[in-house]
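Q: Fold the following.
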Amino acid sequence: MLRQGSRGALGSHSVSVPGYPFVTALPYVPDGESRPLFLLSGLAEHTRNLIADPRASLLVTGGGGGLFDEARLTLLGMVRPVVMDEASLARFLRYSPESAEYLSLGDFRFFRMEPARVRFIGGFGHMGWADATCPSLVLDPAAEQALVDRLAHRVPVGTRLLGVDFEGVDMRISGVFRRFALNPKGCSVDAIYEAAAETLSGAGDDLPRTGDPAWA
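A: Numbers count the residues shown, from 1 in each chain. As a prediction, the model looks like this:
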């Protein structure tokens, strides 16, 4: 659900009104380990709250139907400032290109949630608590960037490849975010490449490729 979404409701401890929770809608980008990354302004109320007390929660919803039918999860953990290396920054901007404008303002910086617990509700009567753990297999941002570059010639026209991991391929198709599940036959980078290449072919069988003469 974290990888399929891009926005949630962040709850922090209010500085302005001590003792009360403060909830705000925020976009996020999950990093390679599914930890939510936020780009926050120093002037924002939630930023002041997090600096004073990093304990926070993030609610993410998914699916359709009524409120009691849709799946949702709440992550609880610490949200602290993080320094992004070049590869991590490039990855964030692939998913959120509009953030480049905010970064140019100089007042924004990155925060990352380190999840500790998660409350999942899959629908009415289907719920429970669990420890929040990172995926067992992850790609570092540089390795993921290399895979994205390697797959570039297989991306259908009109789409953009955002990221690849052991579980899925993230794309933007006609401006809409889409995630396609992957089942690589092994744990190597080559196995991910083969699975992703097959998925990309299925994502646009009737579209020309960026490597075709018509596209060139």
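Q: if we look at the sheet, which residues does the spatially most central residue of the chain bridge to?
A: By Cα atoms, centre = their mean, the chain has its centre lying nearest to residue 30, at 2.8 Å. Beta bridges link residue 30 to residue 36 when assigned by DSSP bridges.
Q: Please tell me I have it right and it contacts residue 3.
A: Yes - between residue 30 and residue 3 there is a contact under Cβ atoms under 8 Å: 5.5 Å. Where you see a C-beta, it was placed from the backbone N, CA and C, and this is true even at glycine.
Q: Tell me the confidence at the residue nearest to residue 173 when sequence neighbours are not counted?
A: What sits nearest to residue 173 in space, not counting adjacent residues and going by Cβ to Cβ, 6 or more residues apart in numbering, is residue 159, at 4.8 Å. In this model, residue 159 is scored at 90, pLDDT.
Q: how near is residue 159 to residue 151?
A: 11 Å (Cβ to Cβ, to the nearest Å).
Q: still on that earlier bit, quick one: pLDDT of the residue nearest to the centre of the chain?
A: Looking at residue 30, the pLDDT reads 96.
Q: where does residue 186 land in three-state SS?
A: Of the three states, residue 186 takes coil under DSSP: H, G, I helix; E, B strand; the rest coil.
Q: cool, the one 4 residues further on as well?
A: Residue 190 carries the three-state label helix when classified by three-state DSSP.
Q: What is the burial count for it?
A: 12 (other Cβ atoms under 10 Å).
Q: what do you get for residue 143?
A: 15.
Q: That one falls within a helix, correct?
A: Yes - under three-state DSSP, residue 143 sits within a helix.
Q: from memory it sits against residue 188, does it?
A: No - the pair residue 143 and residue 188 fails to qualify as a contact (Cβ under 8 Å) at a distance of 11.1 Å.
Q: Quick check on the residue nearest to residue 173: phi, psi?
A: phi -130, psi 160 (degrees, to the nearest 10).
Q: After the lengthiest strand in the chain, heading C-terminal, what element do we hit next?
A: Using DSSP state E to define each element, the chain has its longest strand at strand 108-123. For strand 108-123, the following helix or strand on the C-terminal side (DSSP states H and E) is strand 126-131.
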